[in-house]
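> got a sequence here, can you build the structure:
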Amino acid sequence: MGAFAALTQVCSALGLSSAAGLNAYIPLLAIGILGRLGIVHLDGPYAMLSTWTVLIVLGVLAAIDFVADKVPAVDHAMHAIGIVVNPLAGAIVFGSQTHAIGNVPAALSLAAGLIVAGGFHATRAAVRPVSTATTGGIANPFLSLLEDGTALVLSLLAVFVPILAVVLMVILVFALFKSWRAIRTFLARKFGGKARQPAATSV
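Next up is the predicted model:
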(Lines give C-alpha, C1' and ligand atoms only; values in the text may rest on other atoms or scores of the structure.)
Protein backbone atom coordinates (compact mmCIF):
# COMPACT_ATOMS: atom_id res chain seq x y z
CA MET A 1 0.00 0.00 0.00
CA GLY A 2 1.33 3.43 -0.97
CA ALA A 3 1.89 6.27 1.46
CA PHE A 4 -1.09 8.28 0.24
CA ALA A 5 -3.42 5.27 0.42
CA ALA A 6 -2.18 4.53 3.93
CA LEU A 7 -2.80 8.14 4.97
CA THR A 8 -6.30 7.96 3.50
CA GLN A 9 -7.03 4.81 5.49
CA VAL A 10 -5.82 6.43 8.71
CA CYS A 11 -8.00 9.48 8.05
CA SER A 12 -10.94 7.18 7.43
CA ALA A 13 -10.19 5.34 10.67
CA LEU A 14 -10.06 8.60 12.63
CA GLY A 15 -13.36 9.79 11.19
CA LEU A 16 -15.13 6.51 11.91
CA SER A 17 -13.81 6.20 15.46
CA SER A 18 -14.86 9.81 16.15
CA ALA A 19 -18.35 8.93 14.93
CA ALA A 20 -18.35 5.88 17.21
CA GLY A 21 -17.78 8.18 20.16
CA LEU A 22 -21.04 9.95 19.33
CA ASN A 23 -23.02 6.87 18.30
CA ALA A 24 -21.57 3.39 18.59
CA TYR A 25 -23.80 1.75 16.00
CA ILE A 26 -24.00 4.18 13.08
CA PRO A 27 -20.35 3.77 11.90
CA LEU A 28 -20.52 0.00 12.41
CA LEU A 29 -23.70 -0.17 10.34
CA ALA A 30 -22.27 2.18 7.71
CA ILE A 31 -19.16 0.06 7.28
CA GLY A 32 -21.14 -3.17 7.35
CA ILE A 33 -23.72 -2.05 4.78
CA LEU A 34 -21.13 -0.53 2.46
CA GLY A 35 -19.09 -3.70 2.80
CA ARG A 36 -22.15 -5.74 1.92
CA LEU A 37 -22.65 -3.60 -1.18
CA GLY A 38 -19.02 -4.04 -2.18
CA ILE A 39 -18.21 -0.34 -1.82
CA VAL A 40 -15.89 -0.95 1.12
CA HIS A 41 -13.53 -3.89 1.32
CA LEU A 42 -13.28 -5.46 4.77
CA ASP A 43 -10.37 -7.80 5.49
CA GLY A 44 -9.91 -10.54 8.04
CA PRO A 45 -12.26 -10.66 11.05
CA TYR A 46 -13.80 -7.31 10.09
CA ALA A 47 -15.54 -8.98 7.15
CA MET A 48 -18.08 -10.24 9.71
CA LEU A 49 -19.49 -6.71 9.87
CA SER A 50 -21.01 -7.20 6.43
CA THR A 51 -22.79 -10.47 7.23
CA TRP A 52 -26.58 -10.42 7.49
CA THR A 53 -26.54 -11.72 11.06
CA VAL A 54 -24.29 -8.95 12.35
CA LEU A 55 -26.12 -6.28 10.34
CA ILE A 56 -29.49 -7.34 11.77
CA VAL A 57 -28.13 -7.36 15.33
CA LEU A 58 -26.53 -3.95 14.83
CA GLY A 59 -29.74 -2.62 13.32
CA VAL A 60 -31.81 -3.73 16.31
CA LEU A 61 -29.29 -2.30 18.78
CA ALA A 62 -29.14 0.95 16.81
CA ALA A 63 -32.94 1.27 16.91
CA ILE A 64 -33.02 0.65 20.68
CA ASP A 65 -30.23 3.15 21.25
CA PHE A 66 -31.90 5.74 19.01
CA VAL A 67 -35.14 5.65 21.00
CA ALA A 68 -33.64 5.28 24.48
CA ASP A 69 -31.18 8.13 23.99
CA LYS A 70 -34.09 10.52 23.38
CA VAL A 71 -35.62 9.84 26.82
CA PRO A 72 -34.25 11.90 29.74
CA ALA A 73 -32.90 9.75 32.62
CA VAL A 74 -32.84 6.69 30.34
CA ASP A 75 -30.22 8.42 28.19
CA HIS A 76 -27.89 8.64 31.18
CA ALA A 77 -28.10 4.87 31.61
CA MET A 78 -27.32 4.42 27.93
CA HIS A 79 -24.29 6.67 28.29
CA ALA A 80 -23.10 4.58 31.23
CA ILE A 81 -23.28 1.50 29.01
CA GLY A 82 -21.53 3.51 26.33
CA ILE A 83 -18.44 3.78 28.53
CA VAL A 84 -17.68 0.28 27.25
CA VAL A 85 -19.66 0.06 24.00
CA ASN A 86 -18.57 3.28 22.30
CA PRO A 87 -14.79 2.83 22.73
CA LEU A 88 -15.15 -0.81 21.66
CA ALA A 89 -17.00 0.27 18.51
CA GLY A 90 -14.30 2.88 17.91
CA ALA A 91 -11.61 0.22 18.15
CA ILE A 92 -13.43 -2.05 15.69
CA VAL A 93 -14.01 0.60 13.03
CA PHE A 94 -10.49 1.97 13.39
CA GLY A 95 -9.04 -1.50 12.99
CA SER A 96 -11.28 -2.25 10.01
CA GLN A 97 -9.67 0.61 8.10
CA THR A 98 -6.03 0.09 9.10
CA HIS A 99 -6.02 -3.72 8.94
CA ALA A 100 -4.68 -3.65 5.38
CA ILE A 101 -1.77 -1.37 6.32
CA GLY A 102 0.98 -3.87 6.91
CA ASN A 103 3.25 -1.80 9.14
CA VAL A 104 0.55 -0.74 11.64
CA PRO A 105 0.30 -3.17 14.60
CA ALA A 106 -3.25 -4.34 15.28
CA ALA A 107 -2.92 -3.50 18.98
CA LEU A 108 -1.97 0.09 18.12
CA SER A 109 -4.97 0.47 15.81
CA LEU A 110 -7.37 -0.88 18.42
CA ALA A 111 -5.88 1.33 21.13
CA ALA A 112 -6.14 4.42 18.91
CA GLY A 113 -9.78 3.67 18.18
CA LEU A 114 -10.49 3.17 21.88
CA ILE A 115 -8.90 6.47 22.80
CA VAL A 116 -10.55 8.55 20.06
CA ALA A 117 -14.04 7.12 20.56
CA GLY A 118 -13.66 7.09 24.34
CA GLY A 119 -12.66 10.74 24.39
CA PHE A 120 -15.62 11.82 22.29
CA HIS A 121 -18.03 9.71 24.33
CA ALA A 122 -16.71 10.98 27.67
CA THR A 123 -17.22 14.61 26.66
CA ARG A 124 -20.63 13.84 25.17
CA ALA A 125 -21.69 12.07 28.37
CA ALA A 126 -20.51 15.05 30.45
CA VAL A 127 -22.61 17.50 28.44
CA ARG A 128 -25.90 15.60 28.86
CA PRO A 129 -26.34 15.99 32.67
CA VAL A 130 -25.74 19.73 32.34
CA SER A 131 -28.38 19.86 29.61
CA THR A 132 -30.76 17.97 31.90
CA ALA A 133 -30.08 20.31 34.81
CA THR A 134 -30.44 23.52 32.81
CA THR A 135 -33.35 22.59 30.52
CA GLY A 136 -35.15 19.92 32.53
CA GLY A 137 -34.21 17.37 29.86
CA ILE A 138 -36.10 19.20 27.11
CA ALA A 139 -32.94 19.77 25.05
CA ASN A 140 -31.71 16.19 25.41
CA PRO A 141 -33.59 14.69 22.44
CA PHE A 142 -32.35 17.50 20.20
CA LEU A 143 -28.77 16.97 21.38
CA SER A 144 -29.17 13.26 20.70
CA LEU A 145 -30.44 13.91 17.18
CA LEU A 146 -27.53 16.26 16.57
CA GLU A 147 -25.10 13.59 17.74
CA ASP A 148 -26.75 10.95 15.52
CA GLY A 149 -26.69 13.23 12.49
CA THR A 150 -23.08 14.19 13.08
CA ALA A 151 -22.10 10.54 13.50
CA LEU A 152 -23.80 9.68 10.19
CA VAL A 153 -22.10 12.54 8.33
CA LEU A 154 -18.73 11.64 9.85
CA SER A 155 -19.16 7.98 8.90
CA LEU A 156 -20.01 8.77 5.28
CA LEU A 157 -17.23 11.34 4.94
CA ALA A 158 -14.78 8.88 6.47
CA VAL A 159 -15.54 6.44 3.67
CA PHE A 160 -15.94 8.75 0.69
CA VAL A 161 -13.93 11.88 1.62
CA PRO A 162 -11.61 10.91 4.50
CA ILE A 163 -9.73 14.23 4.57
CA LEU A 164 -12.97 16.13 5.16
CA ALA A 165 -13.84 13.66 7.91
CA VAL A 166 -10.65 14.61 9.74
CA VAL A 167 -11.38 18.31 9.25
CA LEU A 168 -14.84 17.81 10.77
CA MET A 169 -13.29 15.79 13.58
CA VAL A 170 -10.93 18.66 14.43
CA ILE A 171 -13.86 21.10 14.42
CA LEU A 172 -15.75 18.78 16.76
CA VAL A 173 -12.76 18.48 19.09
CA PHE A 174 -12.63 22.28 19.31
CA ALA A 175 -16.40 22.50 19.90
CA LEU A 176 -16.30 19.80 22.57
CA PHE A 177 -13.36 21.51 24.25
CA LYS A 178 -15.33 24.75 24.38
CA SER A 179 -18.35 22.85 25.72
CA TRP A 180 -16.22 21.22 28.40
CA ARG A 181 -14.91 24.61 29.50
CA ALA A 182 -18.46 25.94 29.64
CA ILE A 183 -19.50 22.95 31.75
CA ARG A 184 -16.65 23.54 34.20
CA THR A 185 -17.61 27.21 34.50
CA PHE A 186 -21.26 26.28 35.06
CA LEU A 187 -20.40 23.74 37.76
CA ALA A 188 -17.97 26.12 39.44
CA ARG A 189 -20.61 28.85 39.62
CA LYS A 190 -23.38 26.54 40.80
CA PHE A 191 -21.56 24.48 43.40
CA GLY A 192 -18.73 26.89 44.19
CA GLY A 193 -21.22 29.61 45.12
CA LYS A 194 -23.13 27.21 47.37
CA ALA A 195 -19.93 26.07 49.02
CA ARG A 196 -18.97 29.68 49.87
CA GLN A 197 -22.43 30.69 51.07
CA PRO A 198 -22.24 29.30 54.68
CA ALA A 199 -18.95 31.11 55.31
CA ALA A 200 -20.44 34.40 54.11
CA THR A 201 -23.51 33.89 56.32
CA SER A 202 -21.46 33.14 59.46
CA VAL A 203 -19.50 36.37 59.02
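> so what's residue 15 up against?
154, 155, 157, 158, 162, 165, 166, 168, 169 (Cβ atoms under 8 Å, 6 or more residues apart in numbering). The way it works is simple: take the backbone N, C-alpha and C, and place the C-beta from them, glycine included.
> excluding chain neighbours, give the residue nearest to residue 120 in space.
residue 21 (2.5 Å; Cβ to Cβ, 6 or more residues apart in numbering).
> follow-up on the earlier one: pLDDT added to the contacts of residue 15, as a markdown table?
Listed next are the contacts of residue 15 as a markdown table, based on pLDDT from 0 to 100:
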| residue | pLDDT |
| --- | --- |
| 154 | 96 |
| 155 | 97 |
| 157 | 97 |
| 158 | 96 |
| 162 | 95 |
| 165 | 95 |
| 166 | 95 |
| 168 | 94 |
| 169 | 94 |
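> widest-spaced pair of these?
Within the contacts of residue 15, 155 and 166 form the most distant pair, 13.3 Å apart (Cβ to Cβ).
> so after the helix or strand harbouring residue 14, what's the next helix or strand?
According to DSSP states H and E, residue 14 maps onto helix 3-22. Using DSSP H and E, the helix or strand that follows helix 3-22 in sequence is helix 25-36.
> who's in contact with that next one?
Contacts of helix 25-36 (Cβ under 8 Å, 6+ apart): 16-17, 19-20, 40-42, 46-47, 49-52, 54-55, 58-59, 61-62, 65, 89, 92-93, 96, 148, 151-152, 154-156, 158-159.
> same check, this time on stretch 150-160
11-16, 18-20, 22-23, 26-27, 30-31, 34, 39-40, 97, 164-165, 168-169, 172.
> ok, stretch 41-49 next?
28, 31-32, 35, 50, 54-55, 58, 92, 95-96, 99-100.
> make it 7 Å
With Cβ atoms under 7 Å, 6 or more residues apart in numbering as the test, stretch 41-49 has contacts from 28, 31, 32, 35, 50, 54, 95, 96, 99, 100.
> what is the neighbour count of the spatially closest residue to residue 101 that is not a sequence neighbour?
What sits nearest to residue 101 in space, not counting adjacent residues and going by Cβ to Cβ, 6+ apart, is residue 6, at 5.1 Å. Neighbourhood size, residue 6 [other Cβ atoms under 10 Å]: 16.
> contacting residues around the residue nearest to residue 120?
Neighbour list for residue 21: 86, 90, 116, 117, 118, 119, 120, 121, 124 [criterion: Cβ under 7 Å, 6+ apart].
> count the neighbours of the fifth one for me.
Spelled out, that is residue 118. If we define neighbours as other Cβ under 10 Å, then residue 118 has 21 of them.
> tell me the confidence at it?
With respect to pLDDT, residue 118 scores 94.
> just the buried residues of stretch 110-123, please?
For stretch 110-123, burial by neighbour count (16 or more other Cβ atoms under 10 Å) applies to 110, 112-123.
> one step back: tell me which of residue 155 and residue 166 has more neighbours.
Taking other Cβ under 10 Å, residue 155 and residue 166 do not tie; residue 155 has more neighbours (27 against 21).
> name the element the more buried one belongs to?
Using DSSP H and E, residue 155 maps to helix 140-160.
> sounds good, over and out.
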